[in-house]
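Enquirer: coordinates for the following, if possible.
(one chain, ligands or ions: 1)
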Amino acid sequence: MTRPYIGRFAPSPSGPLHAGSLVAAMASYLDARWHDGTWLIRIEDIDEGRAVDGAAEGILHLLAALGMRHDGEIVWQSRRKHLYEAAAARIARATYPCGCNRREIADSRIGVAPDGSAIYPGTCRHGLGPGRTMRSLRVRVPEAGQDEITFIDRFAGPVTQHLTVDAGDFVLKRADGFWAYQLAVVVDDIEQGVTDIVRGADLLDSTPRQIYLQRLLGAPTPRYLHVPVVRNSNGEKLSKQTGALAVTAGDEPATVKALLETAGFLGLALDPPQPESIDDFWRAAVPAWGRLLAQRDAANEFTAGFA
Ligand code: GLU
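Expert: Residues are numbered from 1 along each chain as shown. Reported below is the predicted structural model:
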């Protein structure tokens, strides 16, 4: 099983890491290590209005304390705006300036996307109306009938969306002047050569929009694995506070306990079940991840060959 593998963890520094992100971090790290691949960290601070001072450093500190060692340079989206600008220019034929505000879009009541946002009614598709000025930049999705995007998620199986009803023409550059997450994430994953995206199931709905942008940019689509958060062995649901979020470097027993707690939410069965050090934890967790993938493959024939 040798194939190039480049994975990444891409936290948004809008506050301390939350428990769901930590599960995603562990899954992406384990998948990269299981495949002898590269694991990158990218700080998604493109939404500068939401970035909290010190949050990125706190996240990096925590990942290091938990023993997740990244490869290569850490990249920061706030320093890569020229790349998003250039990508938007390359797909200019599929984009248009939009003068509508949130209220006008909500009032049109065309429909609501799975992520809860209102579907854009297409008002500015054929040009800005008289007296209107550009607020945002949107990408045009294909007409109904040609708007289906299907991909096979390594955990969730086949996922299909119709962009006209599940997304609508979506924003690439926001009214506040910042590049939108959907564009930035796609441009960065292409530019960094990411082959495998492992992240939380909350982003499953975004993936078809991202695949559409990859296609417009002429780039290959990576493999995807969206991790659902499972209940731990005590049947508990993930709470906002898991022990791992309060880890302090140097307290190894507490750190191992916290790692075990997060592994429990991923459904990992470690052997031995109670490793004594951080290194022992990862030594046991990587093959446990491999077993989890094999179980998924056995259950879902569509993922066979992806593990
Ligand atoms: N920055 C996103 C988040 O923290 C994750 C993006 C991704 O993994 O594609 O939710």
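
Enquirer: check the stretch 201-307 of the chain for the residue nearest the ligand and tell me.
Expert: Residue of the stretch 201-307 of the chain nearest the ligand, by C-beta to the nearest ligand atom: L203 (5.5 Å). For every residue, glycine as well, the C-beta is placed using N, CA and C.

Enquirer: can you tell me the element the closest residue to that residue other than its chain neighbours falls in?
Expert: Nearest in space to L203, with sequence neighbours left out and distances taken as C-beta to C-beta, 6 or more residues apart in numbering, is H226 at 6.5 Å. For H226, the element it lies in under DSSP states H and E is strand 223-227.

Enquirer: hmm, that strand in reach of the ligand?
Expert: No - on the criterion C-beta under 6 Å from any ligand atom, strand 223-227 is out of touch with the ligand, staying 9.5 Å away.

Enquirer: can you list contacts of that strand?
Expert: Strand 223-227 has contacts (C-beta atoms under 8 Å, 6 or more residues apart in numbering) with 23-24, 27, 31, 151-156, 195-201, 203-204, 207, 266, 306.

Enquirer: give the rounded mean pLDDT of whichever helix or strand comes after it.
Expert: Next in sequence after strand 223-227, counting helices and strands by DSSP H and E, comes helix 252-266. Across helix 252-266, pLDDT averages out at 93.

Enquirer: for L225, see how far away Q161 is.
Expert: To L225, Q161 is 18 Å away according to C-beta to C-beta, to the nearest Å.

Enquirer: pLDDT score for the residue of the stretch 101-250 of the chain found nearest the ligand?
Expert: Going by C-beta to the nearest ligand atom, the ligand is nearest to R199 of the stretch 101-250 of the chain, at 3.7 Å. Listed pLDDT for R199 reads 97.

Enquirer: sec struct for it, please.
Expert: When classified by DSSP: H, G, I helix; E, B strand; the rest coil, R199 comes out as strand.

Enquirer: can you count the residues close to it?
Expert: R199 has 24 neighbours, counted by other C-beta atoms under 10 Å.

Enquirer: which residues does it contact?
Expert: R199 sits next to A10, A24, A27, S28, L225, H226, V227 when contact means C-beta under 8 Å, 6+ apart.

Enquirer: now the fifth one: closest residue in space that isn't a chain neighbour?
Expert: Okay, so that is L225. Distance criterion C-beta to C-beta, 6+ apart; nearest residue to L225, sequence neighbours excluded, is R154 at 3.9 Å.

Enquirer: next to the ligand, which bits of the stretch 201-307 of the chain? Give me the list.
Expert: With the criterion set to C-beta under 6 Å from any ligand atom, the stretch 201-307 of the chain comes near the ligand through L203.

Enquirer: change it to 8 Å
Expert: For the stretch 201-307 of the chain, the contact set with the ligand under C-beta under 8 Å from any ligand atom comprises D202, L203, S206, Q210.

Enquirer: so how far is I105 from the second one?
Expert: What it means is L203. Distance from L203 to I105, counting by C-beta to C-beta: 22 Å.

Enquirer: ok, the first one next?
Expert: Here the criterion is C-beta to C-beta. By it, D202 lies 23 Å from I105.

Enquirer: and the two? Which one has more around it.
Expert: Applying other C-beta under 10 Å to D202 and I105 shows that I105 carries more neighbours, namely 18 against 15.

Enquirer: tell me the pLDDT of that one.
Expert: I105 carries a pLDDT value of 86.

Enquirer: swap in the one 4 residues further on?
Expert: Predicted confidence (pLDDT) at R109: the value is 73.

Enquirer: and for A144, the neighbour number?
Expert: 11.

Enquirer: so who does it touch?
Expert: H162, T164, V165.

Enquirer: count of residues packed around the first one?
Expert: Under the neighbour criterion other C-beta under 10 Å, H162 is assigned a count of 16.

Enquirer: list the contacts for D280?
Expert: Per C-beta under 8 Å, 6+ apart, neighbours of D280: V256.

Enquirer: start the count at 158 instead of 1 going forward.
Expert: Renumbered: residue one is now 158, and that last one reads D437.

Enquirer: and it, that's in a strand?
Expert: No - under three-state DSSP, D437 sits outside any strand and is assigned helix.

Enquirer: how much space separates E409 from D333?
Expert: Taking C-beta to C-beta as the measure, E409 falls 44 Å from D333.

Enquirer: that's a helix at I309, yeah?
Expert: No - going by three-state DSSP, the assignment for I309 is strand, not a helix.

Enquirer: hang on, it packs against I368?
Expert: No - assessed by C-beta atoms under 8 Å, I309 is found out of contact with I368, at 11.4 Å.

Enquirer: of those two, which one has the most company?
Expert: Higher neighbour count among I309 and I368: I368, with 21 against 14, using other C-beta under 10 Å.

Enquirer: is it correct that that one is in contact with P379?
Expert: No - between I368 and P379 there is no contact under C-beta under 8 Å: 9.3 Å.
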